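Enquirer: Build the 3D model from these lines:
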Amino acid sequence: MANEDLGKTLRRLRRLASLTQEELAERSDVSVDVIRQLEQRRKHSARLPTLHALANGLGVELTTLLGDPPAVTAGGESDGPRFVAVRRAVMPALWGPQAVLTGPDFSIDRLREQIADGWSQYHAAEFEPVMKSLPDLINDARSATVSGSDDDRRAGFAALGKVLQLAGHVAVRMGKTDLALTSLERAISAAEQSADPLLVPMIVNSVAWTYQRQGRLEDALGIALRSAEAIKSGGHTDTADGLKVWGALTMSAATSAARSGDYARAAELMAGAEKEAARVSKLPAGSDNRMVSVFSPSSVRIERVRLAVQYGRPHDALALAKGMRLSKDTPPSWRTWLLLDVARAHTDTGDAAGAVKALESLRRVAPTWMQHHTLAVAIVRDLWTLPNHPPGLRPLAEFLGVAE
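Expert: Model prediction:
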């Protein structure tokens, strides 16, 4: 349920599973005191390893425990007409009309630019315009796969792979992970018929992220490591684009390891990623940054902050974040994660004023993203339960709809 807080959802799912708090604690290896605090709404959030453990103990996906993201669309509906149109474009009707040939005015370069614009809108959390444009972009890309020369068709398959990957990301943000995997599997099928050797591993990274959202951490870790190794053994890490894709997969693997509780392996993977990230700027510039995986010294530091928060080391997280300068190509979505993790770290250290300051910064730089993150709501709810509200908390609580 989109508007149900974590404690209510946890209690409802536990009762549906016919489990006592003590039984859930034993099955999930989570303290019964933590479960009680969550269900009694004395705590409104928990570290991601704890949430994954609770979801596993309940036998549900992580997304079921967390609920759909708030404000999934302007109207608050994740199955509105535009999303229905996206679903239809991703999964055309059985025995429906075949893709038509492109017309004389078609340009694959223009289509690629439109898809890149869609990725920019996605990273800015502008989901409504992305959903509006996706059906036509998918249909145009399908037409490009049956038109022109062999090279033209391969370029069309590359475009189809990238736009279906975008549709998969949007589906995840709408809380529809099964549709996301369908879209991503079809994206991989298209990418395999393109001439881009990096496109399949880029989409595999999206699949790994979706598996993480479903709590399939071992699956996510396995495919990320396998794809990263294939990129390295194929000699692609000598290019900027190839190194970015390898780095994104390696950081994804580290995240899966950390959420599984294997912090030593996560730290090892992140150390390797940080070392390699320094080479990105020394290599010849690659293709449009909007169409390639996010990997840079800034993204590695952001991920290290996130993992420190998940490890339960908020002081380390704040030390890593202090004075951080983000590169110009850092997407708004990554800036959002950093500020949310800083706010969470301040909350965990008992610095409510610091948490509010970080959330106020987030509201200024990425207000839409803030509304799409359940963590933002959870942090504000935790702060709202304090006997003395820090200055600036009420406007944030009202903005997120959690003020009583």
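
Enquirer: Around the closest residue to residue 212 other than its chain neighbours, count how many other residues there are.
Expert: Leaving aside its sequence neighbours, residue 212 sits nearest to residue 220 (Cβ to Cβ, 6 or more residues apart in numbering; 4.8 Å). Yep, even glycine has a C-beta here, placed from its N, CA and C like the rest. Using other Cβ atoms under 10 Å, residue 220 is surrounded by 26 other residues.

Enquirer: Could you check the pLDDT of residue 220?
Expert: Predicted confidence (pLDDT) for residue 220: 97.

Enquirer: what does residue 1 give?
Expert: 35.

Enquirer: my read: the residue nearest to residue 212 touches residue 208, true?
Expert: Yes: under the criterion of Cβ atoms under 8 Å, residue 220 makes contact with residue 208 at 4.3 Å.

Enquirer: Now for these two: what residues contact both?
Expert: Listed as contacting both residue 220 and residue 208 by Cβ atoms under 8 Å, 6 or more residues apart in numbering are 252, 253, 256.

Enquirer: Now the second one: which helix or strand?
Expert: Taking DSSP states H and E as the criterion, the element that holds residue 253 is helix 240-259.

Enquirer: now swap in residue 345 and tell me
Expert: Using DSSP H and E, the element containing residue 345 is helix 332-348.

Enquirer: pLDDT of that helix, averaged?
Expert: On average, helix 332-348 scores 90.

Enquirer: Alpha carbons only: can I get whichever helix or strand comes after it in CSV?
Expert: Following helix 332-348 in sequence order, the next helix or strand is helix 352-365 (DSSP H and E). Extracted in CSV, the C-alpha atoms of helix 352-365 (Å, rounded to 0.1, in the frame of the first residue of the first chain):
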residue,chain,number,x,y,z
ALA,A,352,17.9,16.0,14.0
ALA,A,353,18.9,19.5,13.0
GLY,A,354,21.6,18.1,10.6
ALA,A,355,19.0,15.7,9.1
VAL,A,356,16.5,18.5,8.5
LYS,A,357,19.3,20.6,6.9
ALA,A,358,20.1,17.8,4.5
LEU,A,359,16.4,17.3,3.7
GLU,A,360,15.9,21.0,3.1
SER,A,361,18.8,20.9,0.6
LEU,A,362,17.2,17.9,-1.1
ARG,A,363,13.9,19.7,-1.4
ARG,A,364,15.7,22.6,-3.1
VAL,A,365,17.7,20.6,-5.6
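
Enquirer: show me what contacts residue 340?
Expert: 358, 362, 373, 375, 376, 379.

Enquirer: does the fourth one really touch residue 342, like I thought?
Expert: No: the pair residue 375 and residue 342 fails to qualify as a contact (Cβ under 8 Å) at a distance of 11.6 Å.

Enquirer: correct me, but residue 111 touches residue 159?
Expert: Yes: at 5.4 Å, residue 111 counts as touching residue 159 under the criterion of Cβ under 8 Å.

Enquirer: thinking again about what came up before, so the helix holding residue 345 versus helix 352-365, what angle?
Expert: Using axes from the mean of the first three to the mean of the last three Cα atoms, to 10 degrees, the inter-axis angle of helix 332-348 relative to helix 352-365 is 170 degrees.

Enquirer: C-alpha coordinates for helix 332-348, PDB please?
Expert: This file holds the C-alpha atoms of helix 332-348, laid out as PDB (Å, rounded to 0.1, in the frame of the first residue of the first chain):
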ATOM      1  CA  PRO A 332      19.900  14.500 -10.000                       C
ATOM      2  CA  SER A 333      18.900  10.900  -8.900                       C
ATOM      3  CA  TRP A 334      22.400  10.300  -7.500                       C
ATOM      4  CA  ARG A 335      22.500  13.700  -5.800                       C
ATOM      5  CA  THR A 336      19.100  12.700  -4.200                       C
ATOM      6  CA  TRP A 337      20.600   9.400  -2.900                       C
ATOM      7  CA  LEU A 338      23.500  11.200  -1.300                       C
ATOM      8  CA  LEU A 339      21.400  13.800   0.500                       C
ATOM      9  CA  LEU A 340      19.000  11.100   1.700                       C
ATOM     10  CA  ASP A 341      21.900   9.000   3.100                       C
ATOM     11  CA  VAL A 342      23.400  12.100   4.800                       C
ATOM     12  CA  ALA A 343      20.000  12.800   6.300                       C
ATOM     13  CA  ARG A 344      19.700   9.200   7.500                       C
ATOM     14  CA  ALA A 345      23.200   9.300   8.900                       C
ATOM     15  CA  HIS A 346      22.400  12.500  10.900                       C
ATOM     16  CA  THR A 347      19.200  10.800  12.100                       C
ATOM     17  CA  ASP A 348      21.200   7.700  13.300                       C
END
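
Enquirer: show me what contacts the closest residue to residue 25 other than its chain neighbours?
Expert: Leaving aside its sequence neighbours, residue 25 sits nearest to residue 32 (Cβ to Cβ, 6+ apart; 3.9 Å). Contacts here follow Cβ under 8 Å, 6+ apart; on that basis residue 32 touches 21, 22, 24, 25.

Enquirer: can you tell me how far residue 32 sits from residue 19?
Expert: 11 Å (Cβ to Cβ, to the nearest Å).

Enquirer: Ok, residue 255 next?
Expert: Distance, residue 255 to residue 19, by Cβ to Cβ: 28 Å.

Enquirer: just the CA coordinates of stretch 163-175, formatted as PDB?
Expert: Extracted in PDB, the C-alpha atoms of stretch 163-175 (Å, rounded to 0.1, in the frame of the first residue of the first chain):
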ATOM      1  CA  VAL A 163      14.300   2.500 -24.800                       C
ATOM      2  CA  LEU A 164      13.000  -0.800 -23.400                       C
ATOM      3  CA  GLN A 165      15.700  -0.400 -20.700                       C
ATOM      4  CA  LEU A 166      14.200   3.000 -19.900                       C
ATOM      5  CA  ALA A 167      10.700   1.500 -19.800                       C
ATOM      6  CA  GLY A 168      12.000  -1.100 -17.300                       C
ATOM      7  CA  HIS A 169      13.400   1.600 -15.000                       C
ATOM      8  CA  VAL A 170      10.200   3.600 -15.100                       C
ATOM      9  CA  ALA A 171       8.300   0.400 -14.300                       C
ATOM     10  CA  VAL A 172      10.500  -0.200 -11.200                       C
ATOM     11  CA  ARG A 173       9.800   3.400 -10.100                       C
ATOM     12  CA  MET A 174       6.100   2.700 -10.400                       C
ATOM     13  CA  GLY A 175       6.400  -0.400  -8.200                       C
END
